[in-house]
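> Below is the sequence, then the predicted model.
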6 protein chains.
Amino acid sequence: MIKRMLKYLLSLIPSQQVYAHCDIPCGIYDPKPAQIAAATVMRMVEKIEALPKENPSVEDRNNFVRMVMVKEQHAQKCKEEILILWTDYFKPDHLELFPDLHEKFWMAAKLCSENKQHVSRESAQKLIDAVNEITQIFEKSKTPVK
Amino acid sequence: MIKRMLKYLLSLIPSQQVYAHCDIPCGIYDPKPAQIAAATVMRMVEKIEALPKENPSVEDRNNFVRMVMVKEQHAQKCKEEILILWTDYFKPDHLELFPDLHEKFWMAAKLCSENKQHVSRESAQKLIDAVNEITQIFEKSKTPVK
Amino acid sequence: MIKRMLKYLLSLIPSQQVYAHCDIPCGIYDPKPAQIAAATVMRMVEKIEALPKENPSVEDRNNFVRMVMVKEQHAQKCKEEILILWTDYFKPDHLELFPDLHEKFWMAAKLCSENKQHVSRESAQKLIDAVNEITQIFEKSKTPVK
Amino acid sequence: MIKRMLKYLLSLIPSQQVYAHCDIPCGIYDPKPAQIAAATVMRMVEKIEALPKENPSVEDRNNFVRMVMVKEQHAQKCKEEILILWTDYFKPDHLELFPDLHEKFWMAAKLCSENKQHVSRESAQKLIDAVNEITQIFEKSKTPVK
Amino acid sequence: MIKRMLKYLLSLIPSQQVYAHCDIPCGIYDPKPAQIAAATVMRMVEKIEALPKENPSVEDRNNFVRMVMVKEQHAQKCKEEILILWTDYFKPDHLELFPDLHEKFWMAAKLCSENKQHVSRESAQKLIDAVNEITQIFEKSKTPVK
Amino acid sequence: MIKRMLKYLLSLIPSQQVYAHCDIPCGIYDPKPAQIAAATVMRMVEKIEALPKENPSVEDRNNFVRMVMVKEQHAQKCKEEILILWTDYFKPDHLELFPDLHEKFWMAAKLCSENKQHVSRESAQKLIDAVNEITQIFEKSKTPVK
């Protein structure tokens, strides 16, 4: 029972563990900023949808513009952060372990664009999932093989 | 009479005087960019309010978006400029002379956020006043104590 | 006949030719980024005009904001790119060959502002034409005088 | 014994816990980007110090310039990230719980400047510590009071 | 005598007066940021020259890189600020009053580049003078003609 | 003979042809900015290598820092431009025609990093070649299949 509890607790610490275990020979990489950016995109979709649809006030329209801008910026930030992992962190050796690495990052990057072009919880959730999947690949790549 | 006139004229020269009297041992600080940014925020509020409320044309809506963006950028610029003064210019010694220094800057920074979130002459005026107050503190800190 | 064909083909290669003939003693200059930016401004005007005018959906309004932002950024990018040519590439000697150089660049820069403030195919076309004229001046300045 | 182990494990999860517990009524705040930036500053100090002191090659000098730039950018990024927490996240109510809030953030911001101006492990460590202290304040502010 | 004194005092208030007299029909223009930027360029030249020439320490070399960067950024900022005045504020009507307007701004912009490429008090002083001349043109353009 | 000449001439027109043939259903894509950026990286390597190695003057050291910065910025710009093509322009359908698409872009992006970290004509040439190869793929993707 305690073992399971410990295991569960450990499962809660992805980026922290990564961070702590990283000996950083060539730089500091962390999927956390991409996760924050993806969560912000979802937050903006929720906030845009919560605005009054009929007769929006000047303040509502002010905030609509701002939320679209923030969504755009964080979708772009998310794209940049995952591309830093793809272009700088991952090396040819990693392709053996993760043969669909390129595909995963490509699709995640395309989801960033999709979230710029749309206001959709479904698209935002797909982006969050894609970033989480990338986080798991990243963590696995850090785990020393026994 | 002439003394009063001179005094009035001198009262018109805040940043200029500061600038001219500054021997700049450790950098060039000037509250003017924060003042320009705060004035721009007010200008944008006025311009947004002057747009037609009913049946805005495509051009009106184009300019609404642009004015909200400019308001956002200058509220942000204002925040950055006053924080440069707070973090870089003011030193622990200044706290004796200005015991509410932190509070003043905190509230001014929060007014920048308030002006992003709203379209309000009252909020814009409060920001202008807060920046002017900071300008006065800045000037006082430059005056050699007799 | 073939001579004319060759001449026509060569006329299609403005920036390429420029690029190839450039011995770059003091930097790499190219009017292509300004051309791309001007074309993007026109593209955004077309796309804004293609949006539904009645009862726009949340997605339409999302894209309206984004298109205005992209138009703004590329009008600004266009201004910056042509001003790089004006301030850095052109030298006092060029004024003899192009006595209205300043006027041409001034008017082109003002067209960038005009395209920020309006949603107009006519303004966008005038910007494209102005950038093309600058491109021709640039190319002429590169041609060795016989 | 297991209780202590659990407690230790939990102590490893600061930002993760924060993140998971956050109901985000007014935005997404996270001290992680400031932590990453502070760690990067330290990394750059270490890397600058590891460069050959005598007869540096062109490549060594290339990397010296780049490391100083990266140190500058991440010290600035660190400053911006903690100031977002100070100006946007913390509210007047928090001052009761954390009466030295302003002082802590002021000193942390000044440490960012110190790390720009120097190449010093001691200064970098002080910045890491200051950001960790801010992280703890942030987490405490999130914990529901029983 | 008092008249001369008043005149002298008034001569000290360029941007302030401009600012106060400005009815801002189409925006807020101010040559102050260009002046601050030009002053910063000079300050950096002075600071670079004050660094030890023989056996610079790591900290000296850290600051050399930073000062060159700051000089570059403020020379660029200065260029951008004066070009905003040239492209946005000045209108064709102004050319009658200031027939060498284009020439003055062109030369000032070229001085910004010169200050990037060199470490020279003479170049920095020429830039300060050019920006002051532009400030005077700007002020004259604001004065109502009697 | 003329046929070969024409063919050669046509081979000189990559981005121009692309540009003219593009019906732009979903945006304006052009590999030219990536080519300019790669050429700038090479130019900076050449200029850095041309600086005096012994007893560099303050001006030489000023320009060394600036050239490293420009190399860094254009290597980064090159990376961003090719990633725009990869993430936004290319669609899953293209993978059939270009099965090594991901690999090509990954390697090109890694060459951008290599050029930041080194001062090497060989690395700069490899980047130019990689961008040219991408340009050819881009052009092929635009050619209607007969």
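Arrived safely. Residues are numbered from 1 along each chain as shown, chains lettered A, B, ... in the order given.
> How about the secondary structure of the residue of chain A most remote from its centre?
The centre of chain A is farthest from one residue, residue A:55, which by Cα atoms, centre = their mean lies 34.7 Å away. On the three-state scheme (DSSP: H, G, I helix; E, B strand; the rest coil), residue A:55 is labelled coil.
> got the contact list for whatever residue of chain A ends up closest to chain F?
Across chain A, the shortest distance to chain F (Cβ to the nearest Cβ) belongs to residue A:102, at 3.6 Å. C-beta coordinates here come from the backbone N, C-alpha and C atoms, glycine included. Residue A:102 is in contact with A:86, F:102, F:103, F:106, counting by Cβ atoms under 8 Å, 6 or more residues apart in numbering or on different chains.
> and the gap between residue A:84 and chain D?
Residue A:84 sits 12 Å away from chain D, going by Cβ to the nearest Cβ, to the nearest Å.
> For the closest residue to chain B within chain A, the count of nearby residues, please.
Closest residue of chain A to chain B, Cβ to the nearest Cβ: residue A:65 (4.3 Å). Using other Cβ atoms under 10 Å in any protein chain shown, residue A:65 has 23 neighbouring residues.
> ok, now which ones touch it?
Residue A:65 makes contact with B:64, B:65, B:68, B:69, C:65 under the criterion Cβ under 8 Å, 6+ apart.
> could you point out which element follows the helix or strand containing the residue of chain A closest to chain F?
Element membership of residue A:102 [criterion: DSSP states H and E] is helix A:101-117. Per DSSP H and E, the first helix or strand lying C-terminal to helix A:101-117 is helix A:121-142.
> What are the buried residues along that following helix?
Of all the residues in helix A:121-142, those buried under the rule 16 or more other Cβ atoms under 10 Å in any protein chain shown are A:123-124, A:126-128, A:130-131, A:134-135, A:137-139, A:141.
> May I ask which helix or strand of chain A has the lowest mean pLDDT?
helix A:14-21 (a mean of 30; mean pLDDT, DSSP states H and E).
> one step back: would you format the buried residues of helix A:121-142 as a markdown table with distance to chain D and pLDDT included?
Converted to a markdown table, the buried residues of helix A:121-142 look like this (distance: Cβ to the nearest Cβ, whole Å; pLDDT from 0 to 100):
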| residue | distance to chain D | pLDDT |
| --- | --- | --- |
| A:123 | 18 | 98 |
| A:124 | 13 | 98 |
| A:126 | 19 | 98 |
| A:127 | 14 | 98 |
| A:128 | 12 | 98 |
| A:130 | 18 | 98 |
| A:131 | 13 | 98 |
| A:134 | 16 | 98 |
| A:135 | 12 | 98 |
| A:137 | 18 | 97 |
| A:138 | 14 | 97 |
| A:139 | 13 | 96 |
| A:141 | 18 | 95 |
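> what about residue A:99, neighbour count?
Counted with other Cβ under 10 Å, residue A:99 comes out at 9.
> Which pLDDT does the model give it?
Residue A:99 is assigned 96 on the pLDDT scale.
> that older thread, looking at the contacts of residue A:65, which is nearest chain E?
residue B:69 (14.4 Å).
> what's the angle between whichever strand or helix holds the closest one and helix B:101-117?
Using DSSP H and E, residue B:69 sits in helix B:58-84. Put simply, helix B:58-84 runs at 170 degrees to helix B:101-117, going by axes from the mean of the first three to the mean of the last three Cα atoms, to 10 degrees.
> Helix or strand next in line after helix B:58-84, which one?
Going down the chain from helix B:58-84, the next helix or strand is helix B:94-97, by DSSP H and E.
> Report the buried residues of that following helix.
Buried residues in helix B:94-97 (16+ other Cβ under 10 Å): none.
> repeat for stretch A:72-88
A:72, A:74-75, A:77-88.
> Next, work out how far apart the residue farthest from the centre of chain A and residue B:142 are.
Residue A:55 sits 51 Å away from residue B:142, going by Cβ to Cβ, to the nearest Å.
> need the contact list for the nearest residue to residue A:105 once chain neighbours are set aside.
Spatial nearest neighbour of residue A:105, chain neighbours left out: residue A:86 (4.3 Å); criterion: Cβ to Cβ, 6 or more residues apart in numbering or on different chains. For residue A:86, the contacting residues are A:101, A:102, A:105, F:106, F:109, by Cβ under 8 Å, 6+ apart.
> which of the residues you listed tops the neighbour count?
In the contacts of residue A:86, the most neighbours by other Cβ under 10 Å go to residue A:105, 24 neighbours.
> Please report phi then psi for the closest residue to residue A:62 other than its chain neighbours.
Nearest non-adjacent residue to residue A:62, counting by Cβ to Cβ, 6+ apart: residue B:119, 5.0 Å away. Backbone torsions for residue B:119, taken as degrees, to the nearest 10, come to phi -120, psi 90.
> Verify the stated contact: residue B:119 with residue A:59.
Yes - Residue B:119 lies in contact with residue A:59 (Cβ atoms under 8 Å); the separation is 5.8 Å.
> Neighbour count: those two, which is higher?
Higher neighbour count among residue B:119 and residue A:59: residue B:119, with 22 against 13, using other Cβ under 10 Å.
> Show the pLDDT at that one.
With respect to pLDDT, residue B:119 has a value of 97.
> residues touching it, list them.
Contacts of residue B:119 (Cβ under 8 Å, 6+ apart): A:58, A:59, A:62, B:45, B:48, B:49, B:71.
> picking that back up, tell me the pLDDT at the residue farthest from the centre of chain A?
89.
> returning to that earlier point: make CSV from the contacts of residue A:102 and add pLDDT to it.
Shown next, in CSV, are the contacts of residue A:102 (pLDDT from 0 to 100):
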residue, pLDDT
A:86, 97
F:102, 98
F:103, 98
F:106, 98
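> And the residues you listed, which is closest to chain E?
Checking those one by one against chain E (Cβ to the nearest Cβ), the nearest turns out to be residue A:86, at 28.9 Å.
> Contact residues of chain A facing chain F?
A:79, A:83, A:86, A:87, A:88, A:102, A:103, A:106, A:109, A:110, A:112, A:113 (Cβ under 8 Å from any Cβ of the partner chain).
> Alongside chain B, which residues does chain A contribute?
Within reach of chain B by Cβ under 8 Å from any Cβ, chain A has these residues: A:58, A:59, A:61, A:62, A:63, A:65, A:66, A:69.
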